[in-house]
Structures are given as C-alpha cells and as structure tokens.
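**Student:** starting from these lines, generate the structure:
(chains A and B)
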Protein chains: 2
Amino acid sequence: MLFLGFECTGCRRFYPPDLLYCCSSCGASLDAVYNYERWLASLSAEEWLFRPGEGVLKYRELLPLRPSASPISLGEGNTPLLKIRNISNIMNIENIYIKNETVNPTLSFKDRAQAVAVNAAADLGLSDVICASTGNTGVAAAAYAARAGLGCLVYVPAGTPEEKLAIIRAFGAELRIVEGNYGDAYEQAAREALGRGAFNLTSTYLNPYSIEGHKTIAYEIAGAFGGVPDWIVVPIGAGPLLSAIYKGFRELRLAGWIDRLPRMAGVQAAGCAPIVKAFEAGDADVAPWDSPRTIASGIADPLTTYPADGTRTLRIIRESGGAAIGVDEGDILGFRECLAREEGIVVEAASATAMAALVRLKEQGWLDKGQSIVTVATGHGLKDMAVSTI
Amino acid sequence: MLFLGFECTGCRRFYPPDLLYCCSSCGASLDAVYNYERWLASLSAEEWLFRPGEGVLKYRELLPLRPSASPISLGEGNTPLLKIRNISNIMNIENIYIKNETVNPTLSFKDRAQAVAVNAAADLGLSDVICASTGNTGVAAAAYAARAGLGCLVYVPAGTPEEKLAIIRAFGAELRIVEGNYGDAYEQAAREALGRGAFNLTSTYLNPYSIEGHKTIAYEIAGAFGGVPDWIVVPIGAGPLLSAIYKGFRELRLAGWIDRLPRMAGVQAAGCAPIVKAFEAGDADVAPWDSPRTIASGIADPLTTYPADGTRTLRIIRESGGAAIGVDEGDILGFRECLAREEGIVVEAASATAMAALVRLKEQGWLDKGQSIVTVATGHGLKDMAVSTI
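**Tutor:** From the prediction side, this is the model:
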C-alpha cells in the first residue's frame, strides 16, 4: 500500500490512516500522503494515463485505500473531454474544452469522491455515512451507500432543487431538510456524525479520504488532452475539487510525465464569492460570506464556520499563477442556455459559471485567444431544470 | 471506406449509400453492409475491443459514415458494465451485469444512434433532422443537432414526461406534442420529414444509418466482459437496439474473436407487448397492439403502422435461441425501486423491465442460476422521476 497517512496542511503534523477530519493540534485540514518513490518505480506514463477500465479505483495506488478484493464502484470517472465547436467563435477563444463530469453515474463529479469514501468506510470498519449537501454530494453519497450496503443520512438546506431530493430518497437514504443555508446543514451533519460515529462525507476539505477521488480528473485530462492545458477553470464552493485537480497534476509532474502545471481559475457566483473577494483584495485569508444569493446552488457555500477551507483553495490558486473570478447571475443563465443550444450540453447552473468566467478572464487580461482551457462541467442540468431565478 | 451500402432485410436487394428508409421494391427495412474482409485484414481483437478514446465514432470503420476530419461527438458510449452486488442473492442468479447506458451524454443509449445520425446527415448534405420520440430519442436528437448546427423538430405523444420535454426545448429544438400514442407521432414525423427533405431519425428500423450506432454496445460488452455472456436482456419497443447488439456480436464472431453468440431476450411491458404476444403464440409475424397501457413510456410502442419492425426483432430473438418476455407494471416499479435502493442505480421505468424479466426467464426455465446475463439499462431515472402510476 502506497498510502501512508495524512499531513496537516497547517502545521505539517503527520497522522497514520484513521478516522480523521482535521489536525488535532492546529485544527487545519488534512492532505493524504503517499510513497511516491515506490509508485514511480512501478509504472510508466502510458500505463497510468491510459489505464484501461472504469471507475476511479483503477488508480488505487494513489488513493487512500487498502487493497480490496471487491471494491465498490459504479463505474464513475472516465468522462469525455469535449472540444467546444460553436461557442469558441462567439468568445474569440480557440481552444476551449469541457471535461464533462455530468455523465458520472449520479450525474456529477461528486461520484469520484464518494466512490473513494465508501471504500474508505469499509477500510475503517464504519457502517454509516452522513453528509451535508447542496444536492450533488447527497445524491452521490446515497447512491454509493446503497451499493455498499451502508446507512446514509443527508442534510440539505431548504431550497435544494426537488429533483435532487427525489433521487436521494429513491436511493433509500434518510433526508433532513435544514432551515438555513449550506453552513447550517454542515453544522448539523458534523454534530450528528460525531454523535453516531458515522463517516462524514460532506464535500468540503473535511473528509481527507473522499477528496482524493477528484485527483483522477487530472490524470484523465492529461491523458485525453495529451499534456497540460494552460488553464483549468473550476466552479468552486470551498474548492476541494480545484485543489485535488491541481494535486493530480503535481503528481504527474513529480513523475516527470508533464513538465509544467496548469494555472487554476476558481469561479464563484458574484452573489456568494468569499474566495473571489479575498483574491481581489489581495487578502491572505478568506472571510465568510454574508447572505449567499445565487441560482448556482451547487457552489452557494458562504464558508460560514470554515473560512480556512477557502484560504486553502485561495493559496493554491495563487501558487498556480491563477485567478479567482466572480460571475453574474445573468451570465450564468446565459451560458447555461448557450451551452445547450450551441454545444448540446445541459449543465446545472453551478457548472455554467465556468464558461461565463472565460469572458471575464479574457477581459481582465488573464488569458489569450490561443491558450488552451479546460472547464469542468460539474453537474448535469437535468438535476435543476426548473432553475431560472434566485 | 468499408461501408458499402444497404441490403433489404426482405428481398435482399442492394442499395448504395443514399437517403433511404426502406426498400423501394418490397418496402422492408434496410441493413447496412460492409466490406468485412478488408476490416479483418486491418486489425486485431485487442485493437478493436479495447480501442482507446471516447465516442462511438472510434469504431467508424463499421459505421455507415465517410471519413471526416471533424466528426460530431458528445463522447457517447464507453459506458460501465457493472456487476450486480446485492440483488443477485434475492434473485438467486449469480452473474448479473448491467450495461449502464444511463451515463451517456443525454442519459440514454439513443446517443449512440444520434451520434451516427448527425454525421450521416453531414455526409448526405442534409441540414435538418426530424424525429418521433417517446422522449429519449428526441432529447438525443436535439442535443446532437445542436452540437452539429442542424435544425431539429421533435414529435412526441401527449403524456411524455415533462423532464424530457424541458430538456428537448433547452437544446433549442422545435417540439410538437401529438394527441395520440407513439404511432401517431411516428406518422406525423414521417410525413413532415418527406415534405421537408429532412433526415428522419425516428428510432425504429426506419433510419438504417442511426441504428448502426447501437452495435457498439456489443463491442464494449465483449471487451469488458471478456467474451460473450450467455444472455443479453434488452427492453424493446420495435427492437432495433436488440437487433443491433446481436449484429455487433455477429461481427465479432465473423472476426473469430468470439466463438458463439449470446441468446437475446427482448422485454416488453405486458400492457404493450406485441412482440411477446407473437413469440408466445408461435406466430411468424407480429401484429400491432391495441391500446398500449404502461408506465414504461420508453418502450410503449404499439407498432401500429410498422408491425414488420416487430417481426424483424422477433426473428432475431428466435435465431439467437432467445425469448420475448412480458412483465407486469408492479414488477417494473418494484425492480426500479430495488435497483436504486440495493445497487445505487436509478433507471427509467422502461429499463427496469430488463431486471424484472430475469425472474420470468428463470421461472420459465430459460436460464439457470450460474449463467451470465447482461441487462441493458437504457435510460436514466432522472428523466421520469415522477412516474409511479399509468
């Protein structure tokens, strides 16, 4: 097993594999560490980037899991990288790609994290999972828990799209609708998970096992793109998806299979943009956001009680030479419609922010016409078809 | 180009590639033919069954298309083959697999056909497509037409799930809701397509180009399964999906890469089961069904004006040593719920028929506990979440 344990992202303290959510010394979030030397001794770029088969567990050497004879999977990952055909002209940017995470088993990128999570739950001997969710994590957690035979309890904020609630219930999970925003659901889920000894799969930086699943997007992009795009543009709440993708590229560079890293752009709706605010102000730390107000429910996270998660993402954006971008509600709706009508891809509102951000990145001088950009389409539009106003 | 043209399935007359829907001599449906000798001279089983990349056009040698520098694709196909983990015990059948076509770009297997269709439209110099649909074909046609920049007009019967209508509109297609059943929509679409000179993409045996896309499911199953399962169980309306999968396996046997063919089971809801009725009665020909009545809207096709399509499917079922199976509404709902709760897979009602059929196949002595079965999950449950009664 190449997985060694976790390192604190604050004080660098090391922890062996266990049921852990944060550093017991400084409270910072954790990051999985591996024996990379042994990994590199064992294979070639070809074998890693074009590994056949389906499911993120095909990359299990670099996932925080023990070997298993019957891993749980729903065939997540292995998603298409699509080149934009028609919108490029409108935007005057030539090489825009969409990493289409909407075709994961439960129609969002969260399946990658939850696939890792339920297998980690088995390693840790846990029989119940709990999460707070704006919808997608809850759907994914409920599906993988069903497949794994684990109990599942999902907390969502009031106002979560009805389609997402219906599908969570269909998987047999218990659903609790919390009056308040995502932060309130987060708190209740955390309390309940501690009380029950259940595995908390909330998709912030809280669970250091599950977030490793998102790294596999980087491996797939590098393989399909044939190298490193200039920019990766990611819709972010707290931002673990952005960090994990960057980590994946760093691993590939460590292996010597790529010679540079992409610049990371994190995109938030202007109505809930704590990371963008700190980025634009040049602040070292992210502060919570008051009164989130956006149709992009999937990234409507005010970071109320965990602004340090935003700071972790902000640092990675800066380290990569990237940018944090806020986009307006009108642009989100406009690009959502445009992607459907011009490219045949229906995404949820949160995903449309990534396309909307390209216009801003170009206006602000961050990117040139000829640069290559991969935007991540995080979730399928069918899960929030009714969304058209706040 | 290995694609030669079409052969009439009735009188065997040959037609070179052109805008064709049926034999002008006898009126029977057409079947694409290829120069298989040249195909076999060019590659190995490994190269074909494990061909890297995404999109069904990676198999373009055996698709009815000209070579193209910029083919249209949404990354369709390449879907997971999932082994049932928890329901097998309940059913007392050990090796049940699901070919999960719900994770195609527009969430159904129809994407494979429509990917071929829009590229064929380009080859034929057509700028508009039309189809009749119970929903899934319309969604897929609208998406691929958007991507290809083609005009798209979709006829659906009244009562088609609202989710499917919303997504068809989102892709910018024109939608016409027909009072009556699928057969009525079929007639209107056919008239309008002839009148406009548009490409008719209706998913029966009508369009001999598009149906070839479904063959690729056989290639993928053979690769992922590592050979030939004993049974392939397919929900069917007219049945082109079943026929195409069988054709794909026949091609692989022609190549010598497999040594036998699977038995094909076609599944219909008992409330609309023209093919099952003919199969059980030992009839040579299928007759239209009066008053279809089932929640499985995706396969609710009474074959009113084209019963010969059902006969074509019936012959293939018999040739394969297979069976046609009717399933009750209660079982459809029960297995839909069971798949979600036990396996983490949400399918539309039409797809649940395939699981429900396994019980009947076993009861009727068609299959043994130890045999291997692949059921095709044709469409995602999120497109008809509201369905619970007729």
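
**Student:** now A:Phe249: closest residue in space that isn't a chain neighbour?
**Tutor:** Nearest non-adjacent residue to A:Phe249, counting by C-beta to C-beta, 6 or more residues apart in numbering or on different chains: A:Ala218, 4.7 Å away. In short, each C-beta sits where N, CA and C put it, glycine included.

**Student:** residues in contact with that neighbour?
**Tutor:** Residues near A:Ala218 by C-beta atoms under 8 Å, 6 or more residues apart in numbering or on different chains: A:244-249, A:251-252.

**Student:** of those, which belong to helices?
**Tutor:** Per DSSP state H, helices hold the following members of the contacts of A:Ala218: A:244-249, A:251-252.

**Student:** tell me the two of the contacts of A:Ala218 that are most distant?
**Tutor:** Spatial extent of the contacts of A:Ala218 (C-beta to C-beta) is set by the pair A:Ala244 and A:Leu252 at 13.1 Å.

**Student:** would you map the strands across the stretch 51-200 of chain A?
**Tutor:** A:81-83, A:95-100, A:128-132, A:151-157, A:174-178, A:199-200 (DSSP state E, counting those that start in this stretch).

**Student:** which of those strands is buried the deepest?
**Tutor:** Highest mean neighbour count of the strands of the stretch 51-200 of chain A: strand A:128-132, a mean of 27 (counted as mean count of other C-beta atoms under 10 Å in any protein chain shown).

**Student:** name every strand pairing with it and say which way it goes.
**Tutor:** Paired with strand A:128-132 in the same sheet, following DSSP bridges, are strand A:151-157 (parallel), strand A:199-200 (parallel).

**Student:** turn the contacts of A:Ala218 into TSV, columns for pLDDT and neighbour count.
**Tutor:** Below are the contacts of A:Ala218 laid out as TSV (pLDDT from 0 to 100; neighbours: other C-beta atoms under 10 Å in any protein chain shown):
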residue	pLDDT	neighbour count
A:Ala244	98	26
A:Ile245	98	26
A:Tyr246	98	26
A:Lys247	98	20
A:Gly248	98	22
A:Phe249	98	25
A:Glu251	98	22
A:Leu252	97	24
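
**Student:** dump the residue contacts of the residue nearest to the spatial centre of chain A.
**Tutor:** Compute the mean C-alpha point of chain A, and by C-alpha atoms, centre = their mean the closest residue is A:Leu241, 2.8 Å away. By C-beta under 8 Å, 6+ apart, the contact set of A:Leu241 is A:109, A:214, A:217, A:234-235, A:376, A:378.

**Student:** ok, these vs B:Asn104, which is closest?
**Tutor:** A:Phe109 (17.1 Å).

**Student:** I figured the closest one hits A:Ile217, correct?
**Tutor:** Yes. Between A:Phe109 and A:Ile217 there is a contact at 7.0 Å, judged by C-beta atoms under 8 Å.

**Student:** of the two, give the one with the bigger neighbour count.
**Tutor:** Neighbours per residue, other C-beta atoms under 10 Å in any protein chain shown: of A:Phe109 and A:Ile217, the larger number sits with A:Phe109, 31 against 26.

**Student:** what number of residues lie near the residue lying closest to that one once chain neighbours are set aside?
**Tutor:** In space, and not counting its chain neighbours, A:Phe109 is closest to A:Glu101: 3.8 Å by C-beta to C-beta, 6+ apart. Burial of A:Glu101 is recorded as 28 neighbouring residues (other C-beta under 10 Å).

**Student:** now A:Glu101: how far from A:Glu76?
**Tutor:** Distance, A:Glu101 to A:Glu76, using C-beta to C-beta, to the nearest Å: 9 Å.

**Student:** A:Thr378 now?
**Tutor:** For A:Thr378, the distance to A:Glu76 (C-beta to C-beta) stands at 13 Å.

**Student:** neighbour-wise, which of the two wins?
**Tutor:** Shown here are A:Thr378 and A:Glu76; by other C-beta under 10 Å, A:Glu76 has more neighbours (31 against 28).

**Student:** give me the pLDDT value at that one.
**Tutor:** pLDDT, A:Glu76: 98.

**Student:** list the contacts of it.
**Tutor:** A:54-56, A:104-105, A:111-112, A:115.

**Student:** quick one: low-confidence parts of the stretch 251-390 of chain A?
**Tutor:** The stretch 251-390 of chain A contains residues with pLDDT under 70 at A:385-390.

**Student:** redo that, cut-off 90
**Tutor:** Low-confidence segments of the stretch 251-390 of chain A (pLDDT under 90): A:291-292, A:297-298, A:369, A:381-390.

**Student:** setting aside sequence neighbours, what's the nearest residue to A:Lys164?
**Tutor:** In space, and not counting its chain neighbours, A:Lys164 is closest to A:Gly135: 3.5 Å by C-beta to C-beta, 6+ apart.

**Student:** what segments of chain A are helices?
**Tutor:** Secondary structure of chain A (DSSP H): helices located at A:36-42, A:45-49, A:87-91, A:110-124, A:136-148, A:162-170, A:182-196, A:216-225, A:240-254, A:274-281, A:307-319, A:329-338, A:349-363.

**Student:** pick the most buried one from the ones you listed.
**Tutor:** Stretch with highest mean neighbour count among the helices of chain A: helix A:136-148 (a mean of 30; mean count of other C-beta under 10 Å).

**Student:** got the CA coordinates for that one in CSV?
**Tutor:** Extracted C-alpha coordinates of helix A:136-148, given in CSV (Å, rounded to 0.1, in the frame of the first residue of the first chain):
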residue,chain,number,x,y,z
ASN,A,136,-25.0,16.6,-5.6
THR,A,137,-23.0,15.2,-2.7
GLY,A,138,-26.1,13.9,-1.2
VAL,A,139,-27.2,12.2,-4.4
ALA,A,140,-23.8,10.6,-4.8
ALA,A,141,-23.4,9.6,-1.2
ALA,A,142,-26.9,8.0,-1.2
ALA,A,143,-26.1,6.0,-4.4
TYR,A,144,-22.7,4.7,-3.2
ALA,A,145,-24.0,3.9,0.2
ALA,A,146,-26.8,1.9,-1.4
ARG,A,147,-24.3,0.0,-3.5
ALA,A,148,-22.1,-0.6,-0.5
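
**Student:** can you tell if that helix touches chain B?
**Tutor:** Yes. Applying C-beta under 8 Å from any C-beta of the partner chain, one finds helix A:136-148 touching chain B at A:142-147.

**Student:** between those residues, which sits nearest A:Ala28?
**Tutor:** Among the residues of helix A:136-148 next to chain B, and counting by C-beta to C-beta, the member closest to A:Ala28 is A:Tyr144, at 27.2 Å.

**Student:** got the residues of the stretch 51-200 of chain A near chain B?
**Tutor:** A:52, A:54-55, A:70, A:72-75, A:78-82, A:85-86, A:100, A:102-107, A:142-147, A:149, A:163, A:166-167, A:170-172.

**Student:** correct me if wrong: A:Cys26 contacts A:Cys11.
**Tutor:** Yes. Assessed by C-beta under 8 Å, A:Cys26 is found in contact with A:Cys11 at 4.4 Å.

**Student:** thinking again about what came up before, how about the contacts of A:Leu241 in TSV, adding distance to B:Pro157?
**Tutor:** Below are the contacts of A:Leu241 laid out as TSV (distance: C-beta to C-beta, whole Å):
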residue	distance to B:Pro157
A:Phe109	35
A:His214	42
A:Ile217	40
A:Val234	41
A:Pro235	37
A:Val376	37
A:Thr378	34
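
**Student:** just to revisit the earlier point, A:Leu65 versus the residue nearest to A:Phe109, what's the distance?
**Tutor:** Here the distance between A:Glu101 and A:Leu65 works out to 21 Å (C-beta to C-beta).

**Student:** circling back: out of the contacts of A:Leu241, which are inside strands?
**Tutor:** Mapping the contacts of A:Leu241 onto strands (DSSP state E) picks out A:234-235, A:376.

**Student:** neighbour-wise, which of the residues you listed leads?
**Tutor:** Compared across the ones in strands among the contacts of A:Leu241, A:Pro235 has the highest neighbour count, 34 neighbours, by other C-beta under 10 Å.

**Student:** pull the number of nearby residues for the spatially closest residue to A:Leu382 that is not a sequence neighbour.
**Tutor:** Spatial nearest neighbour of A:Leu382, chain neighbours left out: B:Leu382 (5.2 Å); criterion: C-beta to C-beta, 6+ apart. B:Leu382: 24 surrounding residues under other C-beta under 10 Å.
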